[in-house]
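**Student:** dropping the sequence and predicted coords here.
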Amino acid sequence: MDTSLTMIQIIQPLIAIFVIWRGSAVLVENSLKIGKKLGMSELLIGLTFIAWGTSLPEFFVMLNSILFLGESAATLSYGTVLGSNIANISLVLGIGIIASNGTFSSDRRNILLRSLIVIGATLCLVIFPGVNGAYKQTISIIMVITMFLYIGISLRDKKHSHIDEPKTGILGNLFWLVVATVGIYFGSSLIVSSGQDIMSHFGWSATAIGTIFFALSTSSPEICATLISVMKFKKTDLAIGNVIGSNISNIFLFGIISALYNLNLTSSMGTLGVFLILTEILLLGIFILYGKKHQIQIPSFVGIFLVTIYYVFIRII
C-alpha cells in the first residue's frame with residue numbers, strides 16, 4: 001500500500017493552522033469589541049472571550065476526533081487537551097517571558113489563587129484515565145464545575161472597572177464572530193484529517209499525534225496572543241491570564257465531552273498527566289519564589305527553563 005504523502009496532504013496542515021490562527025484572532029478581536037460595547041470589564045472579557053476563543057480549536061479537534069476517528073478518538077482527545085495545556089504553561093509562557101526581556105510581571109494574589117484552581121482541575125484530568133463507570137462521570141462533572149469556580153472567584157475582584165464604549169455596530173461584530181467560529185471548525189477538521197495521514201504514513205501513535213501535532217496546532221492562537229500581548233502592548237499580566245484561562249477552559253471542555261461520550265483510556269495515559277501537574281506545581285513555586293508583595297517579577301532565564309521543560313516532554317513521548 002502506498003503511504004507516501006501527496007502535496008495536498010503536506011500543505012493541508014499548514015493551511016489548517018493558518019485558518020485556526022486567523023479565525024481565533026478575528027474571534028477574539030470582535031469578541032473584545034462586543035464586550036466593550038456591552039460595558040463588560042476587561043477581566044470578564046478576558047475570562048469569557050479570550051480564554052474561550054483560544055480554546056475553541058481544542059474543542060473542535062476533540063469533538064471531530066470522537067466523531068470521525070473511531071478507536072483512536074479517546075486517546076487523541078485526551079492527548080490534545082493534555083498536550084495543549086503543557087504547551088501553554090511551558091512553551092507559550094516560556095516564550096512570553098523570554099520576549100519580555102526581564103519585564104514579565106503580574107498581580108501575585110490573583111495569579112496564585114487561579115493557579116491553585118487550575119492545579120485542582122488538572123488533578124481530575126490526571127486521574128480520569130484510571131477510573132471507570134460512575135466515577136468517570138463524577139470527575140467529568142468536577143472538571144466542569146472548576147470552570148465556574150474559576151469565573152466566580154475572578155468576578156469577586158472589584159478592582160477592574162467597567163468599560164464604557166458606544167453600543168453601535170454590534171451586529172457587524174457578531175457576523176465576524178460567526179464567520180470566525182465556522183473557520184475554526186473547518187480548520188480543526190483539516191487538522192484531524194492531517195493527523196490521520198501522519199499516523200498512517202509515519203506510524204505515529206495516537207498519543208503522539210494528540211499531545212504533539214494536535215496540541216501544537218491548536219495552541220497557535222495562544223502563542224500569537226501571548227507574543228502580541230508582551231511585545232506589542234507590553235501586557236504581561238494579560239499573557240499569564242491567557243495561559244491560565246485557556247488551560248482551565250480546555251479542561252472544562254474536555255469535561256463536557258467526557259460527560260457526553262464514553263471515553264475509554266488506558267491508565268498509562270495518566271502518567272503523561274503527572275508531567276503536566278508537576279510542571280504546574282513547579283510554575284506555582286516560581287510564582288511564589290519571585291513574588292514580592294503584590295507583584296510577581298519573573299526573569300528571562302525562567303522562560304528558557306520552561307521552554308526546556310517542553311523539549312523534555314516532547315522527547316519522552
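**Tutor:** The structure has been received and is ready for your questions.
**Student:** show me where this protein has helices.
**Tutor:** Applying DSSP state H to the chain gives helices spanning 7-37, 42-45, 51-68, 73-86, 93-99, 108-127, 134-155, 170-202, 206-208, 215-218, 220-227, 236-260, 269-289, 300-316.
**Student:** tell me the buried residues in stretch 11-21?
**Tutor:** Residues Gln12, Pro13, Ala16, Ile17, Val19, Ile20, Trp21 are the ones in stretch 11-21 that count as buried (16 or more other CB atoms under 10 Å). Where you see a C-beta, it was placed from the backbone N, CA and C, and this is true even at glycine.
**Student:** just give me the closest of those to Val192.
**Tutor:** For the buried residues of stretch 11-21, the residue nearest Val192 by CB to CB is Ala16; the value is 8.9 Å.
**Student:** grab the nearest non-local neighbour of that closest one.
**Tutor:** Among residues not flanking Ala16 along the chain, Leu190 sits closest, at 3.6 Å (CB to CB, 6 or more residues apart in numbering).
**Student:** was I right about the one you found contacting Leu14?
**Tutor:** No. With contact defined as CB atoms under 8 Å, Leu190 and Leu14 do not form a contacting pair (9.8 Å).
**Student:** ok, now how distant is the closest residue to Leu67 other than its chain neighbours from Leu284?
**Tutor:** Of all residues not flanking Leu67 in the chain, Ala73 sits nearest, at 7.8 Å (CB to CB, 6+ apart). Distance of Ala73 to Leu284, given as CB to CB, to the nearest Å: 32 Å.
**Student:** the two: who's more crowded?
**Tutor:** Ala73 (23 against 16; other CB atoms under 10 Å).
**Student:** what pLDDT does Ile142 get?
**Tutor:** We have a pLDDT of 95 for Ile142.
**Student:** what's near enough to touch it?
**Tutor:** Ala121, Cys124, Gly255 (CB atoms under 8 Å, 6 or more residues apart in numbering).
**Student:** state the distance from it to Lys136.
**Tutor:** 11 Å.
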